[in-house]
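1. following is a predicted model, sequence given first.
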6 protein chains.
Amino acid sequence: MSSATATDNMLMTETPEAGRELAIKLARLSIKATQPDADVRGALRPDYAENATDLIAVAQVIATEFATIAAANRYWAD
Amino acid sequence: MSSATATDNMLMTETPEAGRELAIKLARLSIKATQPDADVRGALRPDYAENATDLIAVAQVIATEFATIAAANRYWAD
Amino acid sequence: MSSATATDNMLMTETPEAGRELAIKLARLSIKATQPDADVRGALRPDYAENATDLIAVAQVIATEFATIAAANRYWAD
Amino acid sequence: MSSATATDNMLMTETPEAGRELAIKLARLSIKATQPDADVRGALRPDYAENATDLIAVAQVIATEFATIAAANRYWAD
Amino acid sequence: MSSATATDNMLMTETPEAGRELAIKLARLSIKATQPDADVRGALRPDYAENATDLIAVAQVIATEFATIAAANRYWAD
Amino acid sequence: MSSATATDNMLMTETPEAGRELAIKLARLSIKATQPDADVRGALRPDYAENATDLIAVAQVIATEFATIAAANRYWAD
């Protein structure tokens, strides 16, 4: 059932740093999935980018996504 | 006790991208399980879709569901 | 020390769907453990069932419980 | 360095149900560690036991503790 | 790259109970890292030690730290 | 696809203590990624460094990042 090959598996990254970038991207895609309207998202940006509590909550999402990405890449230790 | 076959195991997806879609679906099903009334859910939608804090919280749920889906699919690396 | 047999292990379910149901049940049992009074719980129900933030938080609990149930069932892949 | 024997390892429980009880106990002990004064804890009890958001947050802690207990007991499947 | 020996690995504890103490300590050290001023931390103490929501949030951090410590100690089952 | 060598894998640290430092750094980098403006971040600092709830939320992020780092370093037990 799992037929993705290494080359098209979007979870695979070359380095942990690239994995961090992917985690940030996945967090943003989740918000986009719930709020597809780019104008509304743009209007909300100051709400969270200038709010300490929201920035920390975004960091929590990134940390959770990164945990999955890191496990998928076997912590880049192979 | 675990008798689901690969073909009927709803956690299995072809790709990580499909796994993301499933994570979003599972998050929505959880909200539906707690609030089965579609009218109430519809009325609440602006509350979270136009609220940065709630959008981030939804992203956290998606990240957590995706972690499970990714592990179930062995990170699509087989 | 672990003497539960497969037949009486309450974490085991036939399918992922049944695992979702169990996750919802465990979340509710946790709330019941902290607030055993059914009348108080009933009175609180509109507070969370009609509140987007609380509904999302319940979904987070369900996602966390499901992660454990899924691991216990080896992701229903055996 | 890990010298606990099976008989004195407080994480080990006979059943998943006993594991749930332990998860609730660990959550309470954490609150006790941060607020050792029983009178203050008693005074705070209505704050969370009659507040939907707090009850859900307690359920989240229980879910997280249970995940560890379940892993420690190999999901009671041995 | 991992050169810590068992004797100087601060994650290793003799028992689960000592692991709980370490989890509480790590949670406190994280707060200290973000707010190094002891006077400010002291002034904030009533804010969270007498606030149910904050006490539950601290319990969540402890649960998360303990999960890591427990895994590091192979659940004290060796 | 995973080509990082041990020497350039930023997740690898010599000790758990260095792993804690890295977890704090990753949490900060996540906030920086969402709010790149150093002046805005500086202005927000009192909001969270003098707010108990936010400090606890930062500790939660650190705990989550550390879990990944610890797993990547096989808990410094090799």
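-> Right, received. Where do you want to start? Numbering: from 1, shown residues only, chains lettered A, B, ... in the order given.

2. quick check: the residue lying closest to A:M10 once chain neighbours are set aside vs B:A33, distance?
-> Distances taken as C-beta to C-beta, 6 or more residues apart in numbering or on different chains put B:P16 closest to A:M10, at 5.0 Å, once the chain neighbours are dropped. (Each C-beta comes from the backbone N, C-alpha and C, glycine too.) The spacing between B:P16 and B:A33, counted by C-beta to C-beta, to the nearest Å, is 25 Å.

3. quick one, the lengthiest helix in chain A and helix B:52-72 angle?
-> Counting residues, the longest helix in chain A under DSSP state H turns out to be helix A:52-72. Angle, helix A:52-72 to helix B:52-72, by axes from the mean of the first three to the mean of the last three C-alpha atoms, to 10 degrees: 10 degrees.

4. where does chain A get nearest to chain E, residue-wise?
-> Relative to chain E, the nearest point of chain A is A:A77 (9.1 Å; C-beta to the nearest C-beta).

5. looking at it, that residue is touching F:A72, isn't it?
-> Yes. A:A77 is within contact range of F:A72, at 6.9 Å (criterion: C-beta atoms under 8 Å).

6. which one's more surrounded, these two?
-> Neighbours were counted for A:A77 and for F:A72 using other C-beta atoms under 10 Å in any protein chain shown; F:A72 has more, 24 against 17.

7. can you tell me how far the more buried one is from A:A33?
-> 29 Å.

8. contacts for the lowest-mean-pLDDT helix or strand in chain A next, please.
-> Least confident helix or strand, chain A: helix A:38-49 with a mean of 95, by mean pLDDT, DSSP states H and E. The contact list for helix A:38-49, computed with C-beta atoms under 8 Å, 6 or more residues apart in numbering or on different chains, reads A:31-32, A:35, A:54-55, A:57-58, B:49-53, B:55-56, F:34-35, F:40.

9. now do 7 Å
-> A:31-32, A:35, A:54-55, A:58, B:50, B:52, B:56, F:34-35 (C-beta atoms under 7 Å, 6 or more residues apart in numbering or on different chains).

10. farthest pair in those?
-> B:E50 and F:Q35 (20.6 Å; C-beta to C-beta).

11. circling back to that earlier point, more neighbours: which of B:P16 and B:A33?
-> For B:P16 versus B:A33, neighbours defined as other C-beta under 10 Å are more numerous around B:P16 (25 against 17).

12. which residues does that one contact?
-> By C-beta under 7 Å, 6+ apart, the contact list for B:P16 reads A:4, A:9-11, B:76.

13. quick one: which of the residues you listed is nearest to E:I24?
-> A:L11 (34.3 Å).

14. the closest one and A:R74: what is the separation?
-> 11 Å.

15. higher neighbour count, these two?
-> Each of A:L11 and A:R74 has its neighbours counted (other C-beta under 10 Å); A:L11 has more, 25 against 12.

16. and what about that one, helix, strand or coil?
-> coil (DSSP: H, G, I helix; E, B strand; the rest coil).

17. how far away is it from A:F66?
-> Distance, A:L11 to A:F66, by C-beta to C-beta: 11 Å.

18. common neighbours of these two, please.
-> Residues touching both A:L11 and A:F66 (C-beta under 7 Å, 6+ apart): none.

19. now A:D8, nearest residue through space, not along the chain?
-> Nearest non-adjacent residue to A:D8 (C-beta to C-beta, 6+ apart): B:T15, at 7.5 Å.

20. brain fart, A:T53
-> Using C-beta to C-beta, 6+ apart, the closest residue to A:T53 is F:D54 (5.8 Å).
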